[in-house]
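J.: One predicted model, sequence on top.
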Amino acid sequence: MKRTAEITLTIIGVIINALVGGSVLLIASLFKNETFQEQVKNELANDQKLNTVDPSEVLNAIGNGSWWVVIASLIGLVLGIIAAVCLKGNNKPKLAGILLIIAAVVSVLLSVGVDWLPGILFLVAGILSLARKPKKEIMD
């Protein structure tokens with residue numbers, strides 16, 4: 001049985017996961033930059049609506065939260081690649097389906113919803129891997 005749909009969804013999910021993880025990693029490194037932090041602090045200090053918010057707390061929260069997204073993306077990336085290898089040639093579709101569902105749940109929960117699109121793709125591919133049965137040939 002061909003597993004083209006599952007493999008395609010998994011590869012697209014892996015690519016999007018890598019892009020999300022890479023972009024969040026770039027944002028995290030930007031928030032570690034001293035000049036950028038000073039600019040953000042000045043902007044927050046000038047804004048009347050956000051005057052009660054401590055800029056250091058905001059920067060720390062974004063910096064710490066971004067690492068969770070990177071970790072979630074890496075977990076989804078690794079599990080997605082392993083699942084794609086298991087799906088190739090229809091070797092272990094049940095294992096691949098379980099790995100994809102785990103990747104979907106873990107990446108969405110750890111990233112607090114940032115990895116929602118790869119999570120949906122992994123979930124659909126995982127359900128397809130578990131639900132599709134090979135056709136039985138009828139003997140005459």
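T.: Sure thing, it's come through. On a predicted model such as this, the values are computed, not experimentally measured, just so you know.
J.: Where is the longest helix in this protein?
T.: helix 55-87 (DSSP state H).
J.: Could you pull up the mean pLDDT of that helix?
T.: Mean per-residue pLDDT for helix 55-87: 87.
J.: any idea how far Ala103 is from Cys86?
T.: 12 Å (CB to CB, to the nearest Å). For the C-beta atoms, the positions are set from N, CA and C on the backbone; glycine is no exception.
J.: I should have written Val112 there, sorry.
T.: 16 Å.
J.: more crowded one of the two?
T.: Comparing Val112 with Ala103 by neighbour count (other CB atoms under 10 Å), the higher total belongs to Ala103, at 32 against 12.
J.: Now that one: which helix or strand?
T.: helix 93-110 (DSSP states H and E).
J.: Mean confidence (pLDDT) on the next helix or strand after that helix, please.
T.: Under the assignment DSSP H and E, the closest C-terminal helix or strand after helix 93-110 is helix 116-131. The average of the pLDDT scores along helix 116-131 is 94.
J.: end-to-end on stretch 46-66?
T.: Stretch 46-66 stretches 25 Å from its first residue to its last (CA to CA, to the nearest Å).
J.: how about that stretch: buried residues?
T.: 55, 59, 63, 66 (16 or more other CB atoms under 10 Å).
J.: shouldn't the second one be in contact with Phe31?
T.: Yes - distance between Leu59 and Phe31: 5.8 Å, which falls inside the contact criterion (CB atoms under 8 Å).
J.: shared neighbours, the two?
T.: Gln37 (CB atoms under 8 Å, 6 or more residues apart in numbering).
J.: With just CA atoms, put the helix holding Ala103 into PDB.
T.: Only the C-alpha atoms of helix 93-110 are listed here, as PDB (Å, rounded to 0.1, in the frame of the first residue of the first chain):
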ATOM      1  CA  PRO A  93       2.900   2.400   9.700                       C
ATOM      2  CA  LYS A  94       1.600   1.700  13.200                       C
ATOM      3  CA  LEU A  95       4.800   2.900  14.900                       C
ATOM      4  CA  ALA A  96       4.900   5.900  12.500                       C
ATOM      5  CA  GLY A  97       1.300   6.800  13.400                       C
ATOM      6  CA  ILE A  98       1.900   6.700  17.100                       C
ATOM      7  CA  LEU A  99       5.100   8.800  16.700                       C
ATOM      8  CA  LEU A 100       3.200  11.400  14.700                       C
ATOM      9  CA  ILE A 101       0.400  11.700  17.200                       C
ATOM     10  CA  ILE A 102       2.900  12.000  20.000                       C
ATOM     11  CA  ALA A 103       4.800  14.600  18.000                       C
ATOM     12  CA  ALA A 104       1.600  16.600  17.400                       C
ATOM     13  CA  VAL A 105       0.500  16.600  21.000                       C
ATOM     14  CA  VAL A 106       4.000  17.400  22.400                       C
ATOM     15  CA  SER A 107       4.900  20.100  19.900                       C
ATOM     16  CA  VAL A 108       1.500  21.900  20.300                       C
ATOM     17  CA  LEU A 109       1.400  21.700  24.100                       C
ATOM     18  CA  LEU A 110       5.100  22.600  24.700                       C
END
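J.: Many thanks, I have nothing further to ask.
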